[in-house]
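> Sequence below, structure please.
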Amino acid sequence: MRGGILDKVCDKAGPLPFNKLEARNIRKWCDGKAETPEAANGLVKALRQVFAFAIENDLSDRNPAKDVPHLKNASQGFHSWSLEEVERYEEKHRIGTRARLALALLRYTGQRRSDLVLFGKQHVRAGWLKFTQQ
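Below you'll find the model as predicted:
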């Protein structure tokens, strides 16, 4: 994901030396992404990571992205289901369906979706799920 972001930066900036990049340049790029604040914040995160690597490897002595604040996102996040919504889902998707299994795993294991998609028969041992979070 960050590689794609950085490729776009390189396409936009051209063959300029990275040590000439200033916080004002990054802020200008972020202002251009004001309608998609998470995209702007992704840009800042990627550049912070690049400059942290550059500093650690004595390629730069400063991180201009550290001086760029993240844009505020108006989103309230994802809606949490009410008990009634869960019950309606369970009525529609009976036990034995993949949809019901997905809900049960999410609800009763407390795991992240990224870990759940990796679950398989290889993780069931003596009736227990045995796995390592990624």
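
> ranges for the strands of this structure?
Per DSSP state E, the chain carries strands over the ranges 124-125, 128-129.

> Lowest average confidence across those, which one?
Across the strands of the chain, strand 128-129 has the smallest mean pLDDT, namely a mean of 88.

> which residues touch that one?
Residues outside strand 128-129 that contact it (Cβ atoms under 8 Å, 6 or more residues apart in numbering): Thr109, Phe119, His123. All C-beta atoms are positioned from the backbone trio N, CA, C, and that covers glycine.

> and with 10 Å instead?
Contact with strand 128-129 is made by Leu105, Tyr108, Thr109, Gln111, Phe119, His123, as judged by Cβ atoms under 10 Å, 6 or more residues apart in numbering.

> before we move on, what about stretch 47-60?
2, 5-6, 9, 18-19, 21, 23, 25-26, 29, 61-66, 68.

> Would you mind checking these for buried ones?
Using 16 or more other Cβ atoms under 10 Å as the burial test, the contacts of stretch 47-60 include Val9, Leu21, Ala23, Ile26, Trp29, Asn63, Pro64, Ala65, Val68 as buried.

> Tell me which of those has the lowest pLDDT.
Val9 (80).

> Quickly list the domain ranges of this structure.
The record's domain split for the chain, according to automatic domain parsing, is 2-67, 83-129.
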